[in-house]
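Undergrad: Dropping the sequence and predicted coords here.
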Amino acid sequence: MPTAVNSATYAAVPIGTVETTLTINGETRTRAIEPWTTLLDLLREGEDLIGTKKGCDHGQCGACTVLVDGRRINSCLKLAVTLEGADITTIEGLGQPGDLHPLQSAFCDHDAFQCGYCTPGQICSAQGLINEGKARTRDEVRELMSGNLCRCGAYSNIVDAVLEVIGEKA
């Protein structure tokens with residue numbers, strides 16, 4: 001692929017790409033990204049962070065939900081180059097085996113998943129609504145989580161898990 005020199009860093013940047021710096025799960029990374037690359041594709045294909053799932057690829061299911069600067073977004077709808085300087089957190093950045101995030105533990109305790117495909121997006125969305133400080137009741141959690149679909153129907157248990165963590169923070 002042909003390259004051009006970035007005058008700021010004197011580094012070779014492939015022509016047709018944009019040099020972008022993002023902080024992903026606490027690690028700052030600078031990458032040459034094609035302008036049409038979604039955040040979802042960057043995370044899964046460029047960074048090998050496959051916990052974020054590609055569901056509908058149209059922003060309708062929430063399987064690809066991640067946190068950008070603490071706010072939840074559908075990563076399939078966001079171009080990665082528009083996030084210069086952003087702090088991105090995926091499911092891999094929330095907790096680790098043996099050191100689970102409180103939401104991950106609550107999802108396990110409440111059996112808030114069946115097949116597990118939507119679970120990373122559900123957990124990231126739940127963390128986002130906790131960050132927003134808007135959800136305090138079952139109905140508010142249900143409404144604010146309505147953009148995350150679960151084809152297995154674990155909604156009641158998901159809400160129970162989220163409410164448990166909200167209760168611990170209150």
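TA: Looks like it arrived, so ask away. This is a predicted model, so every value here is computed, not measured. Numbering: from 1, shown residues only.

Undergrad: Quick check: phi and psi at the residue minimising distance to the centre of the chain.
TA: Geometric centre of the chain, nearest residue: residue 66, 1.3 Å, by C-alpha atoms, centre = their mean. Main-chain dihedrals, residue 66, degrees, to the nearest 10: phi -130, psi 170.

Undergrad: and if you look at residue 67?
TA: Dihedral angles (degrees, to the nearest 10) for residue 67: phi -110, psi 130.

Undergrad: beta partners for it?
TA: residue 72, residue 89 (DSSP bridges).

Undergrad: just checking, it touches residue 92?
TA: No. With contacts counted by C-beta atoms under 8 Å, residue 67 stays clear of residue 92, the gap being 11.8 Å. (Glycine included, C-beta is placed from N, CA and C.)

Undergrad: Let me see the contact set for the residue nearest to the centre of the chain.
TA: By C-beta atoms under 8 Å, 6 or more residues apart in numbering, the contact set of residue 66 is 39, 43, 52, 72-73, 75, 88-91, 124.

Undergrad: Would you confirm that residue 53 belongs to a helix?
TA: No. Counting by DSSP: H, G, I helix; E, B strand; the rest coil, residue 53 is not part of a helix but coil.

Undergrad: dump the residue contacts of it.
TA: Listed by C-beta under 8 Å, 6+ apart, the contact set of residue 53 reads 63-64, 117-118, 120-121.

Undergrad: Show me the strands in the protein, by range?
TA: 3-6, 11-14, 18-24, 27-33, 65-68, 71-74, 87-89 (DSSP state E).

Undergrad: most neighbours per residue, which of these?
TA: Neighbour counts (mean count of other C-beta atoms under 10 Å) averaged over each of those peak at strand 65-68, with a mean of 25.

Undergrad: Ends of stretch 68-83, what's the gap?
TA: From its first residue to its last, stretch 68-83 covers 8 Å (C-alpha to C-alpha, to the nearest Å).

Undergrad: Same check on stretch 18-36?
TA: Distance across stretch 18-36, first residue to last, is 10 Å (C-alpha to C-alpha).

Undergrad: Contacts for it, please.
TA: 6, 9, 11, 13-14, 16-17, 42-43, 46-47, 49, 79-81, 83-90, 92-93.

Undergrad: as a whole number, average confidence for that stretch?
TA: The average pLDDT within stretch 18-36 is 96.

Undergrad: Residue 162 and residue 140, how far apart?
TA: 10 Å (C-beta to C-beta, to the nearest Å).
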